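> What follows is a predicted structure for the sequence shown.
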Amino acid sequence: EAHEGILVLSPEAAVGAPLADVLGDTVFDFDLTPNRPDLFSMLGIAREVAALTGQKVRDPSIQYEEKGAAAKGRAKVTIADPDLCPRYVGAIIEGVKIAPSPDWMQERLTAAGLRPINNIVDITNYVMLETGQPLHAFDYDRLAGHHIIVRRAEVGEKMELLDGSQHTFTNEMLMITDADRSVAVAGVMGGFDSEVTEETKTVLLEAANFNGPNIRRTSQALKVRTDASTRFEKGLSQHVPPIAAARAVKLMVDHAGGKAAKGVIDAHPGKAKEGRVTVTMERIVRVLGIELSTKRIREILTALGFGARWMPPDRFVVRVPYWRTDVSIADDVIEEIARIEGYDQLPTSQLRGQIPELVPQPRRDLRDRVRDALADAGMQEIITYSLTDLESLQKVLPKEELAVAPPLRVSNPLSRQWEYARTTLRHALLDTLASNLRGDQSLISLFEMAPVFLPREDDLPNEVEMAFGIVSGREPDRWGRPAGEPADLYAAKSRLDHVFSALRLTADYREATDVAYLPGRTAEIFVGGDRVGLIGEVHPKVVERFDIGREVAMFEVDLDALLPHVGEIVHFRPVSQYPAVEEDLAIVVAEDVPAGRALELIRASKLVANVSVFDVYSGEPIAAGKKSLAFAISYQAEGRTLSDADVAKERRRIVGRLQRELDAQLRA
């Protein structure tokens, strides 16, 4: 009981009886699928049990005596947005006495995970559990004009909910209001100003049907999820509100001393059609693989509450019960037949044809592997339109390129925004980055894998599969980079290196120039001697065109060019059992010598197990036009432990190779 104090037992509890017998009851916890909103109720579960066991369902009593004045003359309901509220039932109960609900009701609510509050609120929750229809009780005397209005919220409208939280609403959210103010968020939670209190004498009971997707969006936007919103968002039947209202009024008359008004206020502008489905015997046999008699099919459907009328020579016309909002086509009905008959009764049949051989699709496999690696590197995938406008391409491509090879124009474009087939993804990623920056994300790391369409003279465009990535913001403490560092060329490279590592490829980065990238911070990507892509920091002028106020790094990889270098067979090389020798090596080379070239020359040594660049420096005391490159080298042999002499000899070979090829000077 959450240690809330003394536990008060029923007066009927016998002294000395086991506490489990006094408190206990068997509670079944069902794992429900979202397509069955009818099962979010005791009555729905009872219908399923009845169908499986051959019993009949005993519906809850809804008969009560109407002693009050007519409800229609005492309150008014106006539905301003029938697309979001097709039905609203209001009932009035006067002369209620607010008190604790009966023990049996409190015990059942507690067993279902709900906290008892008072008899009126408990009855609304109890009937929701019984019928699956959420209800809400308003203090009738606190409703201005005794007028209920169902409308979209006004922009900026505010209200305090029953849980004490304050919220501001948008015009996509549905509100319940009186003549002066909002009194509830439709389908989610009531307002503080109209709640039932100990002073309440007259109750206006709400039983309504709301648009499920709208309730879900509202609940998510407000971050308020209730038992009511959980049920509404799955789509409830319009037939349930008057039934649930009658049941609740009956209980309020019995347990709150209330006097029910004559009739109810039933605003029903969006009446739903009765569901009817035609199912042929041929379709049933084809789907299930067995022949059932028409008698057996009718028995199953009748037990589930369906009306089944046989139409000779070969079909049933099935009337769908109002609570089964998930049944709309013939196969839905056949599924119900199979479920009750038993899936174990369906015969196992052999395949009629031969299973086709798996056709290798290396292009698709590469795309999947690259996608997984980029996601593993913490990047988020986006999908953008294949069509674009000329202005977007002009922001990221040189005018000369567009003049020589203009993009393919769609003959009948939907708009100027989608007039040309894209030849790059640069603009798409920069546009998406700019949009996400409005959400003030500290680090944004996005990628897209999609074809670009390169024009060819007198032919269809060349469709090239590309992978583009973009990084901007401050890095977390990962990928070998200190936390707080701005995402730059090396931030993009670290993610791309992760991809090449997953593909078991070695990439070589060589300095390059491109109109969209910053000079000196741009490199071409080579694998096996073939150019496969480009990486760099986006030029500040390009960044400014997209209204992005910070540094951006981007890479682009031609997957079609990369494909020939991706091997299908992975060869395992055992890890050496002998220790490695770690050394640092620093050299001075000309500023235009790429570090990747030096890495290639060092990796050429058979004793080098691993090598990486850990420092690039230019400035005093390095001479002008020169730079210092520092490498961390790990030496290791497979069959023996390396001596100091072995390492020194190999170091001299590496230094000699660097001197011959790069005119390098040993620094340390």
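Structure's in. What do you need?

> C-alpha only now, for contacts and for neighbours.
Noted.

> Thr10 contacts Trp104, correct?
Check again: residue 10 is Ser, not Thr. No: using CA atoms under 8 Å, Ser10 is not in contact with Trp104; the gap is 9.2 Å.

> Can you verify my assumption that Ala246 contacts Ile62?
Yes: between Ala246 and Ile62 there is a contact under CA under 8 Å: 5.3 Å.

> which stretches of the stretch 451-600 of the chain form helices?
489-502, 540-545, 559-562, 595-603 (DSSP state H, counting those that start in this stretch).

> So what touches the last one?
Residues outside helix 595-603 that contact it (CA atoms under 8 Å, 6 or more residues apart in numbering): 508-510, 608-613, 629, 654, 657-658, 662.

> let's go with 7 Å and repeat that
Helix 595-603 is contacted from outside by Asp508, Tyr509, Arg510, Ile654, Arg657, Leu658, using CA atoms under 7 Å, 6 or more residues apart in numbering.

> where does the fifth one sit relative to Ser501, distance-wise?
Same thing as Arg657. 26 Å (CA to CA, to the nearest Å).

> Also the third one?
As judged by CA to CA, Arg510 and Ser501 stand 18 Å apart.

> Using the three-state scheme, assign Glu650.
Here Glu650 is helix, with the state taken from DSSP: H, G, I helix; E, B strand; the rest coil.

> If you could redo that for Ser634, that was the one I meant.
Ser634 - assigned by three-state DSSP - is strand.

> what do you get for the one 5 residues further on?
Assigned state for Gly639: coil (three-state reduction, three-state DSSP).

> Pull up the per-residue confidence for it.
Per-residue pLDDT puts Gly639 at 86.

> and what of Pro476?
Pro476 is given a pLDDT of 68.

> can you check Gly625 too?
At Gly625, pLDDT is 89.

> wait, isn't it in contact with Glu591?
Yes: applying CA atoms under 7 Å, one finds Gly625 in contact with Glu591, separated by 5.6 Å.

> Compare these two (neighbour count), which wins?
Glu591 (14 against 11; other CA atoms under 10 Å).

> Ramachandran coordinates for that one?
Here is the backbone geometry of Glu591 (degrees, to the nearest 10): phi -60, psi -30.

> Identify the residue spatially nearest to it, adjacent ones excluded.
Lys626 (4.8 Å; CA to CA, 6 or more residues apart in numbering).

> The stretch 1-150 of the chain: helices as residue ranges?
Counting by DSSP H, counting those that start in this stretch, the helices of the stretch 1-150 of the chain are 19-23, 42-53, 103-111, 119-131.

> In terms of secondary structure, what does the longest one contact?
In other words, helix 119-131. Judged by 3 or more CA pairs under 7 Å, 6 or more residues apart in numbering; DSSP states H and E, helix 119-131 is in contact with helix 42-53, helix 240-255.

> mind checking which of the ones you listed is nearest Ile633?
helix 42-53 (68.4 Å; CA to CA).

> buried sites along the closest one?
Met42, Leu43, Gly44, Ala46, Arg47, Glu48, Val49, Ala50, Ala51 (16 or more other CA atoms under 10 Å).

> got the contact list for the second one?
Right, Leu43. Leu43 sits in contact with Glu130, Thr131, where contact means CA under 7 Å, 6+ apart.

> quick revisit: compare the helices of the stretch 451-600 of the chain and give me the one nearest Lys67.
Using CA to CA, the nearest of those to Lys67 is helix 540-545, at 73.2 Å.

> mind saving the C-alpha coords of the closest one as PDB?
Taking C-alpha atoms only, helix 540-545 is exported to PDB below (Å, rounded to 0.1, in the frame of the first residue of the first chain):
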ATOM      1  CA  PRO A 540      32.100  29.700 -45.200                       C
ATOM      2  CA  LYS A 541      30.500  31.300 -48.200                       C
ATOM      3  CA  VAL A 542      28.500  28.100 -48.900                       C
ATOM      4  CA  VAL A 543      27.600  27.800 -45.200                       C
ATOM      5  CA  GLU A 544      26.300  31.400 -45.200                       C
ATOM      6  CA  ARG A 545      24.100  30.700 -48.200                       C
END
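
> helices and strands around that helix, which ones?
helix 390-396.

> make it 10 Å
helix 390-396, helix 426-437, strand 517-527 (3 or more CA pairs under 10 Å, 6 or more residues apart in numbering; DSSP states H and E).

> Could you save those as CSV and add columns showing mean pLDDT?
Listed next are these as CSV, based on pLDDT from 0 to 100:
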stretch, mean pLDDT
helix 390-396, 91
helix 426-437, 91
strand 517-527, 92
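
> Out of the ones you listed, which gets nearest to Pro347?
That would be helix 426-437 among those, by CA to CA, at 52.3 Å.

> quick one: buried residues of the closest one?
For helix 426-437, by 16+ other CA under 10 Å, it's Arg426, His427, Ala428, Leu429, Leu430, Asp431, Thr432, Leu433, Ala434, Leu437.

> Just the pLDDT for the residue nearest to Ala373 when sequence neighbours are not counted.
Using CA to CA, 6+ apart and skipping the chain neighbours, the partner closest in space to Ala373 is Val499 (5.2 Å). Predicted confidence (pLDDT) for Val499: 95.

> And stretch 628-641, what's buried?
Ser628, Leu629, Ala630, Phe631, Ile633, Ser634, Tyr635, Gln636, Ala637, Glu638.

> ok so, going back, between Arg510 and Ser501, which one's more packed in?
Shown here are Arg510 and Ser501; by other CA under 10 Å, Arg510 has more neighbours (19 against 13).

> ok, back up a step: which ones among the contacts of helix 595-603 are found in strands?
Of the contacts of helix 595-603, the ones assigned to strands by DSSP state E are Asp508, Tyr509, Arg510.
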